[in-house]
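Chemist: Quick one: sequence and predicted model below, then my questions.
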Amino acid sequence: MARQSGWWVIAALFLLIGCRREEAGTPAPRKGWNVLLITIDTQRPDRLSCYGYKQHQTPAFDRLAREGVRFANAFCDVTWTTPSMSSVMTGSYPTRHGLRSTYQRLAAENITLAEVLKANGYATAAIVGSFPVAAMFGLEQGFDHYDDRFSAPIVVGAPTQPARVENKFHENVDDQRLFQMLKARADAYRPDAEVTDTAIQWLDQNRPKDQPFFLWLHYFGPHELQDLRLSPEEQNVQILREYDGQVRETDRQLGRLLAALDQRGLTGNTLTILHADHGQSLGEHWYVGHGRNLYDPTLRIPLLVRLPGVVPAGKVVEALARNIDIFPTVLDLTGIRISQPIDGETLRVLWEADGKQTPAERELYCETYMPAMSAFAQKVSFEGQQVALPFRRRGVRTSQWKYVINEPWPMLDFSNPPPIPPALAERERSEELYDLRSNPLELAKHRVTDRPDLLATFRERVEEYARTTAAPSQRRELDEAAKERLRSLGYEH
């Protein structure tokens, strides 16, 4: 469940950061738009018919695209779930919000979308489908109700297969690693049908009728499971074989959800945003999965925005869009202003630009620290032995260019990680630069090697992100006058 302590600070955001409704601009019902954020885990856009896939139809996704705006070039900033969703909920890159792994929690100093909406009178609820977004990682900040009950294992066929493991974050890294291993073999996710069932139940039984709501639904989606009885090669074949079928099942559950909104008269006054936390590599770069690299199959995501009468129906935006833009877009369309620093920008300017703003004017910072964990470290040869070398990868993507720097990095999932020999670190540090117009598949043999000027520019851009947004945003202290105003509104501290 969401935290109750410090609620007066959350409520105070209304006073502190100047949240207010616009007197002119986006029209709103008497109580404001409802907000529905739908996250589909591991969903590639090119497996949806609204993005041009021909092998099957995805009518529910297609409906949202038809009734709203479809972003053809949308990307996440981190290619795995927990840090990516931290970016969505804060509108900021990890360089600002600080979460890089499941051995951390989102710091309370970060102000989340749920906190801002709650401070502006919204009822807030989350129903999530897998443990990487469980409340224990700090994503519950600002939610009145946070449903992270799971029912099925992600890893099957293990000698130890517990029925249930309590959601509990362990400050000790070694204890947290053991917890995550056991959790994956127990109740680590729930099927998409259960997420939809729970969402419909919340709409009928728990949704306040006298205030707008913010509901976040996280579907496990076309996500790989791990069967330890199969070889890695057999597991990869299974993922490739089952991916499209899982997409169709997610589409069916999304269709049920959209129908439930229709039946309850909620469609017309609900801002609906659908996205994926990251994509999925299905054999590209000899890899099946996500999180280990920053290539487009795992960076590119679907992004659909619908608000009848406000967001243009059937429009396709080609400009580069980012997951961090969801937070400011919600606030823009609900007429809420904030003064805290964030990295995202409202997407409204893109669908209103009508081609006047080119994709080259926007860029994405991206990173992944997943390869800095033991299970995902890269095998390399050093001094006659095979060693597991952890990495962090950071980069910048524009409409034309992709730059990535790969750097050996201490393991994150051990309290005392083994040191990396300096000679090995220097040998394995590398940079990649791709011209995406001539080399959209990011093939190594077509890397750009004759542009030291661009390498230097992008290298500096990566470091600039690290330098300028290194600390989480801070909450301001309340003075006595502000505290008294809160007390007069019924908030106690």
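Modeler: Thanks, I have the structure now. Please read these numbers as outputs of a predicted model, since none were measured by experiment. Residues are numbered from 1 along each chain as shown.
Chemist: From now on I want contacts and neighbour counts done on CA atoms only, so please keep to that.
Modeler: Fine.
Chemist: T79 is in contact with G289, isn't it?
Modeler: No. At 9.9 Å, T79 does not count as touching G289 under the criterion of CA atoms under 8 Å.
Chemist: Compare the two and say which is more crowded by neighbours.
Modeler: T79 (31 against 21; other CA atoms under 10 Å).
Chemist: Any idea how far the helix or strand where M85 lies is from the middle of the chain?
Modeler: In this structure, M85 sits in helix 81-90 according to DSSP states H and E. How far helix 81-90 lies from its chain's middle: 4 Å, per CA atoms, centre = their mean, to the nearest Å.
Chemist: CA atoms only: put it into PDB for me.
Modeler: The C-alpha trace of helix 81-90 is given here as PDB (Å, rounded to 0.1, in the frame of the first residue of the first chain):
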ATOM      1  CA  THR A  81      11.500  -1.900 -16.200                       C
ATOM      2  CA  THR A  82      12.300  -0.500 -12.800                       C
ATOM      3  CA  PRO A  83      14.500   2.500 -13.800                       C
ATOM      4  CA  SER A  84      12.400   3.200 -16.900                       C
ATOM      5  CA  MET A  85       9.200   3.400 -14.900                       C
ATOM      6  CA  SER A  86      11.000   5.700 -12.400                       C
ATOM      7  CA  SER A  87      11.800   7.900 -15.300                       C
ATOM      8  CA  VAL A  88       8.100   7.900 -16.400                       C
ATOM      9  CA  MET A  89       6.800   8.700 -13.000                       C
ATOM     10  CA  THR A  90       9.300  11.500 -12.400                       C
END
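Chemist: Please list the residues outside stretch 86-99 that contact it.
Modeler: 77, 83, 100, 105-107, 110-114, 139, 323-328, 342-344, 365, 465-466, 469-473 (CA atoms under 8 Å, 6 or more residues apart in numbering).
Chemist: switch to 7 Å and redo it
Modeler: With CA atoms under 7 Å, 6 or more residues apart in numbering as the test, stretch 86-99 has contacts from 83, 100, 105-106, 110-113, 139, 323-328, 342-344, 465-466, 469-472.
Chemist: and if you look at stretch 127-140?
Modeler: Contacts of stretch 127-140 (CA under 7 Å, 6+ apart): 2, 81-82, 86, 104-107, 146-148, 150, 167-169, 188-190, 195, 199, 216-220.
Chemist: Mind checking which of those land in strands?
Modeler: 146-147, 216-219 (DSSP state E).
Chemist: Show me the strands in the stretch 301-450 of the chain, by range?
Modeler: 303-306, 315-322, 364-368, 378-382, 385-389, 391-397, 401-408, 430-435 (DSSP state E, counting those that start in this stretch).
Chemist: For the closest residue to P59 other than its chain neighbours, list the residues it contacts.
Modeler: Excluding the flanking residues, the one nearest P59 by CA to CA, 6 or more residues apart in numbering is D251, at 7.1 Å. By CA under 7 Å, 6+ apart, the residues touching D251 are 58, 60-61.
Chemist: Serialize the strands of the stretch 301-450 of the chain to a markdown table and add fields for distance to T39, mean neighbour count and mean pLDDT.
Modeler: Formatted as a markdown table, those follow (distance: least, CA to CA, whole Å; neighbours: other CA atoms under 10 Å; pLDDT from 0 to 100):
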| stretch | distance to T39 | mean neighbour count | mean pLDDT |
| --- | --- | --- | --- |
| strand 303-306 | 10 | 26 | 98 |
| strand 315-322 | 14 | 22 | 96 |
| strand 364-368 | 19 | 25 | 98 |
| strand 378-382 | 30 | 13 | 94 |
| strand 385-389 | 32 | 15 | 93 |
| strand 391-397 | 22 | 24 | 98 |
| strand 401-408 | 25 | 22 | 97 |
| strand 430-435 | 29 | 18 | 97 |
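Chemist: List the contacts of the closest residue to E432 other than its chain neighbours.
Modeler: Closest residue to E432 apart from its sequence neighbours, by CA to CA, 6+ apart: V404 at 5.1 Å. Residues in contact with V404 (CA under 7 Å, 6+ apart) are 393-396, 431-433.
Chemist: Put together TSV for the strands of the stretch 301-450 of the chain, with distance to N120 on each row.
Modeler: Formatted as TSV, the strands of the stretch 301-450 of the chain follow (distance: least, CA to CA, whole Å):
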stretch	distance to N120
strand 303-306	21
strand 315-322	25
strand 364-368	30
strand 378-382	47
strand 385-389	47
strand 391-397	35
strand 401-408	39
strand 430-435	44
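Chemist: where do the strands sit along the stretch 101-250 of the chain?
Modeler: 123-127, 145-147, 155-156, 213-219, 226-227.
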